[in-house]
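1. I'll drop the sequence and a predicted model, then ask my questions.
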Amino acid sequence: MLQYAQSEYTQSELTLLPEELWERHVLTFLDAPDVLNFVSTDKEIAYGLSRRATLWKGLLQRDGGVLDPIILQPPLRWEMLKFHFVLQSQVRRLRTAEWRPTSSKRINSPTSREGHSLVCLPPPASTASNVARSGERLVLFGGFCDDDGIHILDTMQSSSSSNKNVAQPPDLGVWRESTMEGEPAPFCYGFSLTALDGNRLLRFGGFRRAGYSAVCADLWLLTLTDAPSNDPSQPLQTSARWEMITCNGRVPMGRGYHTATFLWRESRYLLFIGGMTSRGSHMDAAFLDTHTWTWIDLPKQYFLALLSNGPSGRHGHSVLPHFTKKKVKHRNRLVLFGGGSGMDLLRSGVDNSEVWELLLPNSFEEGNNGVIDPDVWKWKLVHRDSHMSPRQPDDQNDMGHRLSWEECLCLGRCHIGVKISPTNALFFSGSGRPYPTNGVMGYNFETDEWMRPNITSPFKPRARFTAAGAYMCRGGWFIAHGGYSSLASNSINDMCLLDLAPQLKADNELRQYPLAFSAEALQNIDEEPQDPSPQEQARLGFGDDHFMHVTVLSVETLRDALGPVDEEDDGPESLHVLFNLLINAPTPEYRRVMALHILGQERDIQRRGRPREGLTIPHDFIMMLASIVEGRGMLSQDMETFRNAALLETGNQQS
């Protein structure tokens with residue numbers, strides 16, 4: 001705490017101190033929970049200091065937060081800055097998360113695929129023109145499918161409210177396909193797609209034919225260009241152009257399911273590590289200068305350091321950068337997680353959950369000048385493979401450094417690993433042998449310890465691997481798309497959204513949420529949210545003006561999604577009995593409880609790794625149950641109940 005807190009000053013005298021002094025000490029000494037506690041200790045301090053936009057902007061810059069151009073436009077709004085600070089503080093803590101179904105027509109997913117890429121492009125630096133987009137953009141391309149289009153999903157600040165003191169989550173629009181200029185890039189899967197800036201992406205490697213054959217080392221540059229739209233309410237018109245890049249230097253070996261990571265903070269030097277070929281997996285490293293388009297031949301001592309005493313050959317791993325804010329020598333590093341060996345995804349090799357770090361010099365120039373420190377440009381093992389000695393589920397010891405057998409699946413081949421803050425990473429899905437996972441794990445770079453967020457939602461996506469994923473900073477959302485289910489032996493066509501700060505935002509992305517936050521927003525993050533009454537649900541999002549956001553489900557629709565069941569099985573937990581209890585529930589709330597119970601049975605099935613006899617639940621039926629639990633869907637007989645509740649609430653407000 002501040003040094004004045006233990007001084008002889010009284011509280012009334014402390015409020016007389018200049019706000020600039022308070023701001024300087026808050027930025028210097030207090031972490032996120034203490035900041036929110038401090039600004040709520042005194043009414044005068046809360047009114048003055050908490051409304052200083054420079055304070056929240058400084059806190060975001062101090063903690064490495066992403067500053068969107070939309071919130072930096074003058075005049076600075078302290079409400080928006082404070083909201084982004086609280087949002088990113090919750091994301092860094094990663095105490096709780098919530099899956100949100102997105103299987104609506106508003107977010108229509110591209111076709112099913114696996115081995116593709118999903119990249120989140122940052123918002124542009126300028127929003128002066130109507131051509132410039134104001135939010136983040138998801139770009140989806142490629143994979144094992146017959147679709148060579150570029151699919152785009154733009155986000156924009158929701159404009160459903162004019163209240164300046166209310167912040168709103170970004171509005172997810174609809175997927176749209178860009179207009180192709182020239183010939184598209186050839187078919188490929190297992191490649192890497194890296195954002196060079198807000199409009200350019202670089203594709204490298206991959207397989208051109210089925211059976212993990214025709215591996216390549218081609219470089220293709222994708223450039224996206226936005227054109228003005230005649231209707232401001234419609235998405236931008238975007239054109240895409242592919243260009244094959246011919247580089248100087250020795251072309252590296254081809255590979256698929258590798259990693260591509262920028263070294264240091266500037267987006268110039270790109271390092272490709274590992275990958276798979278038709279002969280097996282390797283740990284070859286390739287170094288590309290994206291400014292001069294030159295393959296850099298590493299000096300012999302660097303090359304030997306990258307290959308010796310390091311990770312074994314692997315594919316489907318992830319490599320994430322960890323850079324300290326201060327230029328402390330030997331602390332800049334790349335961290336490698338998991339992966340698998342072999343020459344295909346399902347029939348050879350083994351997975352592992354190792355964690356390695358590659359220590360880097362502070363700059364490439366330092367390395368070129370011959371400053372070779374024995375501690376840099378070398379691999380170091382951070383965590384051994386937990387498969388060798390997995391943590392038991394009831395073992396609470398050494399949870400930060402050891403994983404259980406099921407948790408190891410999140411680091412298996414073709415998992416998704418993304419950075420969600422300067423100090424944290426998130427891992428989802430992965431492995432295909434003996435079966436994939438839908439688990440979620442976190443990692444703290446500062447302590448090198450694992451994090452286990454509490455997933456509060458009853459809905460869970462299908463288990464998968466070789467999916468694509470990205471993190472959207474503005475909404476605090478992790479997005480996953482597609483993948484392959486080795487249990488069902490088919491690719492997946494869905495998009496899953498994991499809310500990493502669920503208690504800050506409402507259930508519907510179009511709903512408003514006020515900025516009256518305090519320290520409780522961080523301290524009570526593990527508390528289960530209270531279920532609203534039908535009247536409260538009507539007031540919050542199910543009035544007459546909002547019925548278009550609710551999917552009306554009939555009993556026949558549910559029965560068709562469920563498919564045939566064994567009606568002779570009259571056991572208390574049989575699917576036949578549970579379904580009848582669901583559709584014959586006396587009230588909408590009781591129906592929601594039954595849907596939640598059936599989803600809980602499905603979650604137990606996935607945890608055990610094998611379906612229980614008589615209780616194999618189709619995915620479409622799970623999605624419908626999840627929509628009932630989430631309030632995004634209801635049976636037709638419940639619609640009148642909620643409509644009457646909405647009218648009753650409206651009449652009470654008017655009277």
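-> Arrived safely, thanks for sending.

2. show the average pLDDT along stretch 276-286.
-> Stretch 276-286 carries an average pLDDT of 92.

3. could you do stretch 198-208 as well?
-> For stretch 198-208, mean pLDDT is 95.

4. buried ones in it, by neighbour count?
-> Neighbour counts over stretch 198-208 (16 or more other Cβ atoms under 10 Å) mark Gly198, Leu201, Leu202, Arg203, Phe204, Gly205, Gly206, Phe207, Arg208 as buried. Quick note: C-beta positions are derived from backbone N, CA and C, even for glycine.

5. wasn't the first one part of a strand?
-> No: note on Gly198: no strand contains this position according to DSSP: H, G, I helix; E, B strand; the rest coil, which reports coil.

6. just checking, next helix/strand downstream of whichever strand or helix holds Lys419?
-> Per DSSP states H and E: Lys419 is located in strand 416-421. Later in the chain than strand 416-421, the nearest helix or strand by DSSP H and E is strand 424-428.

7. quick check: angle from that next one to strand 416-421?
-> 150 degrees (axes from the mean of the first three to the mean of the last three Cα atoms, to 10 degrees).

8. now the next helix-or-strand element following strand 424-428 - C-alpha only, CSV.
-> On the C-terminal side of strand 424-428, the closest following helix or strand by DSSP H and E is strand 440-444. Listed next in CSV are the C-alpha coordinates belonging to strand 440-444 (Å, rounded to 0.1, in the frame of the first residue of the first chain):
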residue,chain,number,x,y,z
VAL,A,440,-9.0,-25.8,-20.8
MET,A,441,-5.7,-25.0,-19.1
GLY,A,442,-3.8,-21.8,-18.3
TYR,A,443,-0.1,-21.0,-17.8
ASN,A,444,1.6,-18.2,-15.9
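
9. could you give the average pLDDT over strand 440-444?
-> 96.

10. other SSEs contacting that strand?
-> strand 424-428, strand 449-451 (3 or more Cβ pairs under 8 Å, 6 or more residues apart in numbering; DSSP states H and E).

11. ok, Ile492 to Thr466 distance?
-> 10 Å (Cβ to Cβ, to the nearest Å).

12. what about those two, which has more around it?
-> Using other Cβ atoms under 10 Å as the criterion, Ile492 and Thr466 rank with Thr466 on top: 30 against 24.

13. do I have it right that Phe323 meets Leu334?
-> No: judged on Cβ atoms under 8 Å, Phe323 makes no contact with Leu334 at a distance of 9.7 Å.

14. which one's more surrounded, these two?
-> More crowded of Phe323 and Leu334, by other Cβ under 10 Å: Leu334, with 21 against 18.

15. any idea what the more buried one is bridged to?
-> With DSSP bridges applied, Leu334 shows beta-bridge pairing to Pro321, Leu358.

16. from Asp34, how far out is it?
-> Distance from Leu334 to Asp34, counting by Cβ to Cβ: 32 Å.

17. if we can go back for a sec, between the helices and strands packed on strand 440-444, which gets nearest to Tyr189?
-> Nearest of the helices and strands packed on strand 440-444 to Tyr189, taken as Cβ to Cβ: strand 424-428 at 19.6 Å.

18. select the helix or strand of this protein having the lowest average pLDDT value.
-> Between all helices and strands in the chain, the lowest mean by mean pLDDT, DSSP states H and E belongs to strand 513-514, at a mean of 28.

19. okay, the residue nearest to Thr96 when sequence neighbours are not counted: pLDDT?
-> Once flanking residues are discounted, Thr96 sits nearest to Asn454: 4.6 Å by Cβ to Cβ, 6 or more residues apart in numbering. In this model, Asn454 is scored at 92, pLDDT.

20. so who does Val382 touch?
-> By Cβ atoms under 8 Å, 6 or more residues apart in numbering, the contact set of Val382 is Val335, Val355, Trp356, Glu357, Asp448.

21. let's see 6 Å
-> Val355, Glu357, Asp448 (Cβ atoms under 6 Å, 6 or more residues apart in numbering).

22. how near is it to Arg402?
-> From Val382 across to Arg402, the span is 12 Å (Cβ to Cβ).

23. kindly report the same for Val35.
-> 33 Å.

24. more neighbours: which of these two?
-> The neighbour count for Val35 versus Arg402, taken as other Cβ under 10 Å, is higher for Val35 (24 against 19).

25. the more buried one: helix or strand, and which one exactly?
-> Per DSSP H and E: Val35 is located in helix 32-39.

26. what do you get for Trp264?
-> Here Trp264 is assigned to no helix or strand, by DSSP H and E.

27. if you tally nearby residues, what's the number for it?
-> Each residue near Trp264 was counted by other Cβ under 10 Å, and the total is 15.

28. part of a strand, is Ser267?
-> No: counting by three-state DSSP, Ser267 falls outside a strand, being coil.

29. Ile296 versus that one, what's the distance?
-> 16 Å.

30. next: Asp31.
-> Distance, Asp31 to Ile296, by Cβ to Cβ: 40 Å.

31. for the nearest residue to Leu409 once chain neighbours are set aside, name its beta-bridge partners.
-> Spatial nearest neighbour of Leu409, excluding adjacent residues (Cβ to Cβ, 6+ apart): Thr437 at 3.7 Å. Applying DSSP bridges to Thr437 gives these bridge partners: Arg464.

32. what's the strand holding Lys419 in contact with?
-> By Cβ under 6 Å, 6+ apart, the surrounding residues in contact with strand 416-421 are Val91, Arg92, Ser318, Leu320, Phe337, Ala425, Leu426, Phe427, Phe428, Ser429, Gly469, Tyr471.

33. wait, His116 touches Cys145, no?
-> No: look at His116 against Cys145 with Cβ atoms under 6 Å: they stay out of range, at 7.5 Å.

34. the more surrounded of the two?
-> Between His116 and Cys145, counting by other Cβ under 10 Å, His116 is the more crowded of the two (26 against 18).

35. dihedrals phi and psi, the more buried one?
-> Per-residue torsions, His116: phi -100, psi -170 (degrees, to the nearest 10).

36. quick one: residues contacting it.
-> His116 makes contact with Gly142, Gly143, Ala468 under the criterion Cβ under 6 Å, 6+ apart.

37. scan those residues and report the most crowded one.
-> That'd be Gly143 among those, by other Cβ under 10 Å, with 29 neighbours.

38. for Val555, what are phi and psi?
-> phi -60, psi -40.

39. let me know the pLDDT of it.
-> According to the prediction, Val555 has pLDDT 83.

40. between Ser267 and Ile296, which is the more surrounded one?
-> Legend: neighbour count by other Cβ under 10 Å for Ser267 and Ile296, higher for Ile296 (20 against 14).

41. which residues of the stretch 201-350 of the chain fall in strands?
-> Remark: strands assigned in the stretch 201-350 of the chain by DSSP state E, counting those that start in this stretch are 207-209, 213-215, 219-227, 237-245, 259-262, 269-277, 280-289, 294-296, 318-322, 333-340.

42. ok, which of those strands comes nearest Gln61?
-> For Gln61, the closest of the strands of the stretch 201-350 of the chain is strand 318-322, at 18.6 Å, according to Cβ to Cβ.

43. contacts for the closest one, please.
-> Thr259, Thr261, Ile273, Arg333, Leu334, Val335, Leu336, Phe337, Gly417, Lys419, Ala425, Phe445.

44. the fourth one: what's it in contact with?
-> With contact taken as Cβ under 6 Å, 6+ apart, Arg333 is in contact with His322, Glu357, Leu359, Leu360.

45. all strands for the stretch 51-200 of the chain, in order.
-> Applying DSSP E, counting those that start in this stretch to the stretch 51-200 of the chain gives strands spanning 96-100, 117-121, 137-141, 150-157, 166-167, 170-172, 176-177, 179-181, 192-195, 200-204.
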